[in-house]
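Enquirer: The following comprises the amino acid sequence and a computationally predicted model.
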There are 2 protein chains.
Amino acid sequence: MTEYDTESQVTEAQHAALQLANVDEATRNAALESIADAIRDHAAEIRAANATDVEEAEAMLERGEYTQALVDRLKLDDAKLESIAEMVESVAEQQDPLGETLEARKLDADLELYKVSVPIGVVGTIFESRPDALVQIAALALKSGNAVILKGGSEASESNRTLYEIIREATAELPDGWVQLIEAHEEVDRLLEMDEQVDLLMPRGSSEFVSYIQDNTQIPVLGHTEGVCHVYVDEAADLEQAEAIAFDAKVQYPAVCNAVETLLVDRRVAETFLPPMVERYEAADVELRGDEATREIVDVGEATDDDWDSEYGDLELSIKIVSDVYEAVEHINAHGSKHTESIVTEDAETAETFMTGIDAASVFHNASTRFADGYRYGLGAEVGISTGKIHARGPVGLAGLTTYKYYLEGDGQLVATYAGEDATPFSHESLDGEWTPGRLEDE
Amino acid sequence: MTEYDTESQVTEAQHAALQLANVDEATRNAALESIADAIRDHAAEIRAANATDVEEAEAMLERGEYTQALVDRLKLDDAKLESIAEMVESVAEQQDPLGETLEARKLDADLELYKVSVPIGVVGTIFESRPDALVQIAALALKSGNAVILKGGSEASESNRTLYEIIREATAELPDGWVQLIEAHEEVDRLLEMDEQVDLLMPRGSSEFVSYIQDNTQIPVLGHTEGVCHVYVDEAADLEQAEAIAFDAKVQYPAVCNAVETLLVDRRVAETFLPPMVERYEAADVELRGDEATREIVDVGEATDDDWDSEYGDLELSIKIVSDVYEAVEHINAHGSKHTESIVTEDAETAETFMTGIDAASVFHNASTRFADGYRYGLGAEVGISTGKIHARGPVGLAGLTTYKYYLEGDGQLVATYAGEDATPFSHESLDGEWTPGRLEDE
């Protein structure tokens, strides 16, 4: 193990990125297979390192400095390691995101423009506890030809270092330094300052954690801080369907960002809809808080203004009665986190008002908010979910780790020919086919 | 004229943006036509306001506080106003960037996902002198359904205010407050802090100016600071073609970001290539500086290390002799600004090494760097040129002012059905057609 120095690590990653961008698909996939094999082959070693982390975490748990949930997320057993190896293999099987011709245009005779997908360069990631995040992000970066800087939580340091060494050894054929581990906590702030060297950051962790990263760097950040999602039950809803959707959206997995936090109910159906809905939630131990109008119909706790902006991440839900779809849209645009919003209605026009009126990455009609996910969307492995609107929005697949490059193939063309009074006009016709250097000579 | 308060202006723009996102194409285009007409109708008024600015600028010029070039850029005569009106009309004629179905996928029976282009929301722009920038940016924002915050330079304040009032009046049919003018210089820093409200910034001006914006805001910035572009003349170049390209790239318009700043010459052709090239540059008054090897062949000034990182923006050029394409790639990746790079060679393999090895938005083979431009690329009106790799890269058209939204049309689907041991699998088939709400019912 050599001494770590963040700046030289990032510089090494920059050099590696330039080479990795031109490593062919077969070599990148073989390296991924080799990582999967190495994780299986070194399972005992990984478990031993992980046991040290878990022991330390359990001591902290006893001292009340840690939660059981965090200890559980830290633990790597054989089943977990196998699922990590399979995840790496599934990344290898995905379609190559690189070298795709996104647009091609003939500007004039023998002057052809190609827009081709390429890696972004150097991506950095900072994540809390889960050591499986390290492997997943390294695999996604490699598949998309990016060099990657990994910074894990100190509570997983032994697991992270072991996994990192295994990945490095398994990918010795790749440009040296394509993957880098940063260990010291104080190095995070240095990483955040390296906006000239690091092209994209993908933080994973709590809202506070992601917010801290976003507020303290000039590097573009791909991710989300919170998910304050809503289900709106319209006057024209199939109420049975609405009940099932509202239940699924909260109870099926309450800890995740696409779970519903506030249920909005059209005043005209509230008296019919709410009593059975509340009964069902309460049978599932959901803690409910309602606005005044809600509490006139059902016996639930009192919702305060804070509730409308809260991501409970647990079996808790706030309920608000609204006059119509317009009030629902207004409430969501004021309090939602632009993540995922759902309307239940049989009226297409009302659905359109809701779906086009709300500014969010995902807007659903008659479906649970829990569908907002890269795998369910068919994007393959998920890089993250973005609530920003720049670069990538909503669930992000491998394409989110690419950018593009324009290749222009000419035959000595000068701009002077296309400027001034006797300017030759551009033809700007669409072209079929892929960029290959020297393709003009072959025609 | 009401009192300006940046925060309430931005809030007004946010509200307008939500409505403008759903204003149809015909209405947006009619508003653009109405802006073009109003500029023609109010030409005298605009010229009068502009004359005040120009008078002030000329007084500053006399006191040596201003340059003639800046005064020239400020001036609006009838021909300039007509060209501005025509530019607005050409934006109206462009294809609608909104409502395009970018992807559509059937997740399962009656569960359909659509990825549809939508506006980003609130875009801000900060620009120096040229008052035509105000109209261009407002037109591009309107075409793409975005609300826009405009902050122009104080030297053009009368022209800007008049143009802004004309645009507002001409677009009274649009959601109130979709366009906002910020006048006080101290308001810029407040705008830069509003990363929760402003989705994208497009600064226009000098490198120092754009750098200042980038370094002082958390809002994503679309633009470029500098263009240090290269032409590399390879051993296998058609030397006559190389001379023409290197000349065009520098002399055709030296002030722009896609002009060449450093000429790299393969050692094996330097003695043949350089003497006539230098003669031609000198005849066009280009000031030349070369490295030691260059100065052994031709009589030019001495290039220092600073020259390799300089954007002259003028009739100046540095020349360096390199051993081969690999040294050229290395030099460019170390000193280029990731803007536009060109190789002249008849060897396809060497071209490939150069084009895939260089990390830049545009890489050309046998063509002048000056082709890097949205209009020449066939993108229509240019929003800007980006040297960043996130969101949009190189010349950016209207699509750079859009993001997307996922619409999911269901029939009451729950995630519980697709999770756990008896999970229903997703089908993830490609779909044809556009999203329309209620389309499931119509099938």
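Expert: Looks like it came in fine.
Enquirer: Number of residues surrounding A:Gly121?
Expert: 23 (other Cβ atoms under 10 Å in any protein chain shown). From N, CA and C alone the C-beta is placed, and that goes for glycine too.
Enquirer: next one: the one 5 residues further on
Expert: The local packing of A:Ile126 (other Cβ under 10 Å) involves 25 other residues.
Enquirer: Mind checking what secondary structure it has?
Expert: strand (DSSP: H, G, I helix; E, B strand; the rest coil).
Enquirer: residues contacting it?
Expert: A:151, A:188, A:191, A:201, A:203-205, A:213 (Cβ atoms under 8 Å, 6 or more residues apart in numbering or on different chains).
Enquirer: By residue count, what's the longest strand in chain A?
Expert: In chain A, assigned by DSSP state E, the strand with the most residues is strand A:402-413.
Enquirer: which of the residues in it are buried?
Expert: For strand A:402-413, burial by neighbour count (16 or more other Cβ atoms under 10 Å in any protein chain shown) applies to A:402-413.
Enquirer: Chain B next: which of those are close?
Expert: By Cβ under 8 Å from any Cβ of the partner chain, the members of the buried residues of strand A:402-413 lying near chain B are A:403-413.
Enquirer: so which pair among those residues is furthest apart in space?
Expert: The most widely separated members of these are A:Thr403 and A:Gly412, with 28.8 Å between them, by Cβ to Cβ.
Enquirer: domain assignment for chain A?
Expert: A:6-95+A:112-215, A:229-379 (automatic domain parsing).
Enquirer: would you list the buried residues of strand A:402-413 in JSON lines and tack on pLDDT?
Expert: Below are these laid out as JSON lines (pLDDT from 0 to 100):
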{"residue": "A:Thr402", "pLDDT": "97"}
{"residue": "A:Thr403", "pLDDT": "97"}
{"residue": "A:Tyr404", "pLDDT": "97"}
{"residue": "A:Lys405", "pLDDT": "96"}
{"residue": "A:Tyr406", "pLDDT": "97"}
{"residue": "A:Tyr407", "pLDDT": "97"}
{"residue": "A:Leu408", "pLDDT": "97"}
{"residue": "A:Glu409", "pLDDT": "95"}
{"residue": "A:Gly410", "pLDDT": "96"}
{"residue": "A:Asp411", "pLDDT": "96"}
{"residue": "A:Gly412", "pLDDT": "96"}
{"residue": "A:Gln413", "pLDDT": "97"}
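Enquirer: Just flag the most distant two among the residues you listed.
Expert: Longest span within the buried residues of strand A:402-413, Cβ to Cβ: A:Thr402 and A:Gly412, 31.4 Å.
Enquirer: How about A:Arg190, nearest residue that isn't a chain neighbour?
Expert: In this structure, A:Arg190 finds its nearest non-sequential neighbour in A:Thr6, 4.8 Å apart by Cβ to Cβ, 6 or more residues apart in numbering or on different chains.
Enquirer: isn't that neighbour right next to A:Leu191, touching?
Expert: Yes - in this structure, A:Thr6 is within contact of A:Leu191 by Cβ atoms under 8 Å, at 6.0 Å.
Enquirer: Common neighbours of those two, please.
Expert: Joint contacts of A:Thr6 and A:Leu191 (Cβ under 8 Å, 6+ apart) are A:Ile182.
Enquirer: which residues are in contact with the helix or strand harbouring A:Phe247?
Expert: Assigned by DSSP states H and E, A:Phe247 belongs to helix A:239-251. Identification of contacts with helix A:239-251 by Cβ under 8 Å, 6+ apart yields A:229, A:231, A:233, A:259-260, A:263, A:269, A:272-273, A:276-277, A:280-281, A:284, A:286, A:315, A:317, A:342, A:344, A:366-370, B:412, B:414-416.
Enquirer: quick one: which of these sit in helices?
Expert: A:269, A:272-273, A:276-277, A:280-281 (DSSP state H).
Enquirer: In PyMOL, how would I select the buried members of the residues you listed?
Expert: Those of the ones in helices among the contacts of helix A:239-251 that count as buried under 16+ other Cβ under 10 Å are selected in PyMOL with:
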select buried, chain A and resi 269+273+277+281
